[in-house]
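Asks: heads up, no residue letters with this:
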């Protein structure tokens, strides 16, 4: 490990420390640390918590054959077979729900992509200032704990920014998908645990999800690639668990393993494009912006405020009549804040949105719509805080991770309380 | 179900005339046996037994029928109005009575008694009994449903269907009554059969194991009452009613074969007005079954049998009525109409009710008591030797083979598409259809698109219980069990890869074991239906793990 100091990064100006460690793959893992953070592991017995997100994994994909390590962890731990992602079933909002314990109308992060009215453009919510609610990461830091983020996707690294005591910037990034392969992410996770051993590490493994997004060639190839990704990610999880056992950490570890959303597959003939339908309407034409989120479209009225109520009614009529659209909702009904615009449209299972044109979204794997709500969700680890071999019937959600982590560290609830429930 | 016209044609050819059918030399009534506390001899005022049903967390329906005078016979309209007392206790000695009451019955309700015992504790075993004229009924056992927010470790339901008196003895009920580990019995329809004696009995010779009362096809209210009463004299049926609460729905034979909203295959113009017949069948069902129609145990206040019951956070059960609101079956010469979106098997209101229940509940398992099969089944071209008997069994398959059994959801594909799409679109998980009707045992996955299965997403599974006694394939081909049917089963499975298990030959019952992590159905096969002491053997089991909508073969019966 070679500490270096003072190098600004990513446009941020705060002083940080950089740690370099050798990864198992032969590369160098670079971690950054908050200024003044200790550069060595704390001593003493304590609970270590690892939130492990198998991005885009479906609950039916956790099987003894396909994912033996995840399956074994689930069997030995506390399984919630009735678990679901929350609107919008996309990566960024659900990771934010995990770390805040509150719904998007309180965090300010309802989707991956929104129409930013101030900037007049559709953009990803990938800036640390987009997240307005205190995360358990910051609250743990304030309580004297040390935290880490090992997030495989560039935009997740962006929104969680420098909140954690220790951060890994995903590298190397795969072109197009903008994520680091799970082998590298797991290297970084292991290095972080070895070198600085945080109390909480929040990790996203992006391969399973990214296979769905990256391969537009068709279902047969996709099936093979998906299976390979599941097996590979499972191996990485197994490697991490083995490392915890080898280094004597397992007995004090709690793993919260879940997906942020699941995955749906569509064919090129089942594509919904709302732009043309909206443009064909005299009231709406040229006055609606669309932020596309896979199986969900967020619609923003950009006309006069006085016409907003009529426009919302019209948008729901027009959009609801388009083939492949499942339903329309007011953002407030889904507990999405004003950032989500005026109308949320979901597509049916097996369909995808593609706006502004039908060729804009060529990828077959999508999420964001209700079919992608079911997720795997279980607690594992050698800590006595985990009930072994238990199966719970409660409906668990991504937003429950925050309060679960909070309870593990006896952290007081945030101002206004959690929207989720501890699943210990 | 049975296609009576096809069947009669075949049996007439075989036997020469209906009058030639045989009657086994066995007593027609069997009220002398006592088991599981259900004993009530022919002289007892409680000779039709006792029953409980539709368990809620705080209430359960209690049922009996009294015979206060010798002339107060079922369907007679005779006899006095009398008071009947009831008690619910936490102990079999009734030292801790927690609910009691008295109710009046009389000939206006065929001397049946049905009360909703309320104020009970959730997830609790209870004992109940009735009193009349210083006589006490046998003691029954029942159990309330778990509290809505509770999380039971396990539920265990029996699944039965298609119990035809003339085809044999109800040994399945006896074996179930002896288990002692059931939370409820689900009867998925065809609890009684409408036929006159000899019209539909045991196997290809059409042997009447025990004759129906009345001997003619039931048409009038008196007929339906007498037939229900006769079934309630079966000692095995009484034992199971006394031992476990039942949750029932009707299929067609509680009224007439292949019933639809406006008629039935087995309802002819000279048999009177269909609406009247349907109404009296419903009246007798309401009187004689421990069920809440339209949400109450009262009579005459509605005939809605589709309903919802909850078993904590572990399971949610929606019982369907697929006869009262359905469009007429399509003609076999017009199978293309099966997909007509104007046709329905559920009716609009029931479809909405079902969808609301499936989406708007947080139970792990969403169970659907589904009288007829929902899984798509493409019948392959079949040998004439078996095609005819399958036509008899399914009722609508012409002997020369055809794509679909249009009395099932296969004949109402727009409704099925709506339901399957709903399950997929809303991401509803862990839906299990529990089915009867078809006199055979099936385990199927329910794909969104059967044509691309197994690549297609599956939205649930279907587990089909075989008949208690009603004829199935080997009975109709006259082959030994598990011989000629095997090739048919293989052909159907080959053409329908989502069908994982199929047994066209066996009779018996199923046991469904539900835990938070998986649901397993076990099929038990009973020996000869004509043997009053038929044995029972575990045949197979299939599991679905939570979250998977995929079936796997079990290694043994669920513990």
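Replies: On my side now, so go ahead. Quick caveat: nothing in here was measured; it's all calculated off a predicted structure. Numbers count the residues shown, from 1 in each chain, chains lettered A, B, ... in the order given.
Asks: From the recorded domain assignment, give the ranges for chain B.
Replies: Domain assignment for chain B, taken from automatic domain parsing, gives B:4-30+B:146-553, B:39-145.
Asks: So which of these is the most surrounded?
Replies: The highest average neighbour count among the domains of chain B, using mean count of other CB atoms under 10 Å in any protein chain shown, belongs to domain B:4-30+B:146-553 at a mean of 21. (C-beta placed from N, C-alpha, C; glycine too.)
Asks: just how off-centre is that domain within its chain?
Replies: Centroid separation for domain B:4-30+B:146-553 versus its chain: 6 Å, with CA atoms, centre = their mean, to the nearest Å.
Asks: got it, and stretch A:49-67?
Replies: The answer for stretch A:49-67 is 14 Å, by CA atoms, centre = their mean.
Asks: ok, that stretch near chain B or not?
Replies: Yes. Judged by CB under 8 Å from any CB of the partner chain, stretch A:49-67 comes into contact with chain B through A:59, A:60, A:62, A:63.
Asks: now, which of those residues sits nearest chain B?
Replies: Closest approach between the residues of stretch A:49-67 next to chain B and chain B, by CB to the nearest CB: residue A:59, at 3.5 Å.
Asks: quick one: contacts for the spatially closest residue to residue B:44 that is not a sequence neighbour?
Replies: In space, residue B:44 comes closest to residue B:135 once its chain neighbours are excluded; the distance is 7.1 Å by CB to CB, 6 or more residues apart in numbering or on different chains. Neighbour list for residue B:135: B:44, B:45, B:46 [criterion: CB atoms under 8 Å, 6 or more residues apart in numbering or on different chains].
Asks: For residue A:18, see how far away residue A:325 is.
Replies: Distance from residue A:325 to residue A:18, counting by CB to CB, to the nearest Å: 48 Å.
Asks: meant to ask about residue B:311
Replies: From residue B:311 to residue A:18 the distance is 56 Å (CB to CB).
Asks: With residue A:353 instead?
Replies: 40 Å.
Asks: Check which helix or strand the closest residue to residue B:459 other than its chain neighbours maps to.
Replies: Distance criterion CB to CB, 6+ apart; nearest residue to residue B:459, sequence neighbours excluded, is residue B:423 at 3.8 Å. Per DSSP states H and E, residue B:423 falls inside helix B:413-425.
Asks: Could you pull up the mean pLDDT of that helix?
Replies: When pLDDT is averaged over helix B:413-425, the result is 95.
Asks: Neighbour count: residue A:353 and residue A:18, which is higher?
Replies: Ranked by neighbour count (other CB atoms under 10 Å in any protein chain shown), residue A:353 and residue A:18 place residue A:353 first, with 29 against 16.
Asks: Can you pull the residues of chain B lying near chain A?
Replies: Residues of chain B lying near chain A (CB under 8 Å from any CB): B:151, B:312-314, B:362-364, B:421, B:424-427, B:429-430, B:448, B:455, B:457, B:515-517, B:546-550.
Asks: What about the residues you listed, which are in helices?
Replies: Judged by DSSP state H, helices contain the following of those: B:421, B:424, B:425.
Asks: Output these in CSV; the columns should cover distance to residue A:111.
Replies: CSV is the format used below for those (distance: CB to CB, whole Å):
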residue, distance to residue A:111
B:421, 25
B:424, 23
B:425, 20
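Asks: now, which of these sits nearest chain A?
Replies: For these, the minimum distance to chain A (CB to the nearest CB) is 3.9 Å, reached by residue B:424.
Asks: Can you give me the separation between that closest one and residue A:337?
Replies: The value you get for residue B:424 to residue A:337, if CB to CB is used, is 29 Å.
Asks: mind listing what residue 259 touches?
Replies: Because you didn't say which chain, this covers chain A. A:53, A:54, A:55, A:56, A:57, A:58, A:59, A:85, A:375, A:376, A:377.
Asks: if you could check chain B rather than the one you did, that'd help
Replies: When contacts are counted by CB under 8 Å, 6+ apart, residue B:259 is found next to B:252, B:265, B:267, B:278, B:323.
Asks: Specify the beta-bridge partners of the nearest residue to the last one once chain neighbours are set aside.
Replies: Looking back up the chat, that one is residue B:323. Leaving aside its sequence neighbours, residue B:323 sits nearest to residue B:259 (CB to CB, 6+ apart; 4.6 Å). Here residue B:259 sits in beta bridges with residue B:264, going by DSSP bridges.
Asks: Which residue, neighbours along the chain excluded, lies closest to residue A:279?
Replies: Here the residue nearest residue A:279, using CB to CB, 6+ apart, is residue A:285, at 4.9 Å.
Asks: swap in residue B:547?
Replies: residue A:59 (3.5 Å).
Asks: okay, now the one you found: neighbour count?
Replies: 26.
Asks: Contacts only, for the residue nearest to residue B:459.
Replies: So residue B:423 contacts B:358, B:431, B:446, B:459, B:460 (CB under 8 Å, 6+ apart).
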